[in-house]
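Participant: Next come a sequence and a model predicted from it.
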Amino acid sequence: LRNLESNRINASITIFGFSISIAVVITLLFFILQEMSVDKSYRNIDNTYLVVTTKNESFVEEDAKDILISKFPQIVSACRYYNFKTIFLRNNAFFDGQLITTDDEFFDVFSSQFLYGNKKTAFSSPDGIVLTESFAKKIFDKVPPIGQTVKSIAGKDFQVTGIVKDLPQNSSVTADCFIDYKSKIHRSEENGVPTTKMFIVLQPETITDDFQKEISRTLVESSKILSNKEMMSEGSIEWKLSPFKTAYFDTEIQKDHLQHANIRLIQIISAISLIILLLAIINYINLTTADGVSRIKEIGIRKTNGAGKLNIFYQFLTESLITCIIASIFAFFFTPLITPVFEIILSKPLHFIDLTFNSVAFILLAIFALGLLAGLFPALIASGYSPLLLIHLKNRVRNKSFTFRNMLNTLQFTITIVFTI
């Protein structure tokens, strides 16, 4: 602490540089964790599948659900799914919303919790509509929404029959409201046959190649879309089950009405985070070794007064840990300031995770590890100096350190220029 006090300029540059680097890495780490946690909060995520064709087109006929459930007891639940944006009117005000046409089993598949009403009566009428908590508040404010009516942009009136909790923020499924598919609002067709998307939840360890072939064969045999069933059975069109837990990063499936992200972006940002940490460590080594040369006299006096290599080693390592801890404290103040910039760059809002015992332990361990990595090389250099060399060959030590710092500086500038390009 006394050394930081007596070298304020160096200490300020070191701590400020370290804190900015840590703040950037924290922001990117939250983005990575947020992306990797998408859809993971759904209770049945490991056993949920999206039915798609082998040509990676997401559609089935509307009656496919009933056919599959009647034939396969391995299917725990299933729901139709069609998602699109629309506008509702209430008291001459317009409200944009993400609408899902589905059936009541959607709320089982996606673990939705009813705050008012229940799934059994939500779609008892084709004019019933279920709103999310935030969308209901947006439309009705403090007016009790159950039993109220809203009008679609097409002019159809819907009566509010239920309110559910908002879907998780980290979800590839987005929705503000739900209506029964039988209302025939914005339905899609293939060759005049109504189609939809479909999710199914299977019993654990059900998914096998044989099971998927049975699913495909059943859908082919019951299909009304193509008249040439024989051509379909030969493999021109078949169906398969795509795991929902990988859907967010699966950009191959067409028109599945889900949110997607590119796993390459996550990999690139992970690499960038590690490189930024490397630059922070290099920066610390540069400044510490430069400061260490000016402290040659101090090290020499300590050694001639009986200090061993371990004493000097621990001294420099402790200084590194203290610097890293101080920088980390500043970093947590800088992080909220730079987050809006990264939200613009990444085109996505960042939701910081709640701190738990495990996350706090991980943060403390990461700070400790970063301090050790940053201080290890300067500590080894400083503790390895011979008292005699420190007294008689000061210039030679300075020249060797200067050459090494130049190499690190060159590496720093090279990486920075590559990033800028």
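Facilitator: Arrived safely.
Participant: partners of the longest strand that the chain contains, with directions?
Facilitator: In the chain, ranked by residue count with DSSP state E as the criterion, the top strand is strand 75-90. The pairing partners recorded for strand 75-90 under DSSP bridges are strand 93-102 (antiparallel), strand 149-152 (antiparallel), strand 193-202 (antiparallel).
Participant: ranking these by burial, who's on top?
Facilitator: strand 193-202 (a mean of 22; mean count of other Cβ atoms under 10 Å). In this view, the C-beta of every residue, glycine as well, is placed from N, C-alpha and C.
Participant: immediately after it, which helix or strand?
Facilitator: Per DSSP states H and E, the first helix or strand lying C-terminal to strand 193-202 is helix 209-222.
Participant: From the contact counts, what lies against that next one?
Facilitator: Under the contact definition 3 or more Cβ pairs under 8 Å, 6 or more residues apart in numbering; DSSP states H and E, helix 209-222 sits against strand 60-61, helix 64-71, strand 239-243.
Participant: got a list of contacts for that helix?
Facilitator: For helix 209-222, the external contacting residues (Cβ atoms under 8 Å, 6 or more residues apart in numbering) are 51, 54, 60-61, 63-64, 67-68, 71-72, 74, 229, 232-233, 237-241.
Participant: coming back round to it: any chance of the strands paired with strand 75-90 in CSV with mean pLDDT as columns?
Facilitator: Listed next are the strands paired with strand 75-90 as CSV, based on pLDDT from 0 to 100:
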stretch, mean pLDDT
strand 93-102, 91
strand 149-152, 88
strand 193-202, 90
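Participant: would you turn those into a markdown table with distance to L365?
Facilitator: Listed next are the strands paired with strand 75-90 as a markdown table, based on distance: least, Cβ to Cβ, whole Å:
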| stretch | distance to L365 |
| --- | --- |
| strand 93-102 | 40 |
| strand 149-152 | 51 |
| strand 193-202 | 38 |
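Participant: distance between the longest strand of the chain and the chain's centre?
Facilitator: What separates the centre of strand 75-90 from the centre of its chain is 24 Å, taken as Cα atoms, centre = their mean, to the nearest Å.
Participant: How about it, which residues are buried there?
Facilitator: When burial is assessed from 16 or more other Cβ atoms under 10 Å, strand 75-90 yields the following buried residues: 75-83, 86, 88.
Participant: now that strand and helix 64-71, what's the angle there?
Facilitator: With axes from the mean of the first three to the mean of the last three Cα atoms, to 10 degrees applied, the angle from strand 75-90 to helix 64-71 works out at 160 degrees.
Participant: In TSV: the buried residues of strand 75-90, plus distance to F211 and pLDDT.
Facilitator: TSV is the format used below for the buried residues of strand 75-90 (distance: Cβ to Cβ, whole Å; pLDDT from 0 to 100):
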residue	distance to F211	pLDDT
I75	10	92
V76	14	92
S77	16	92
A78	14	93
C79	19	93
R80	21	92
Y81	21	92
Y82	25	91
N83	27	90
T86	36	88
F88	41	89
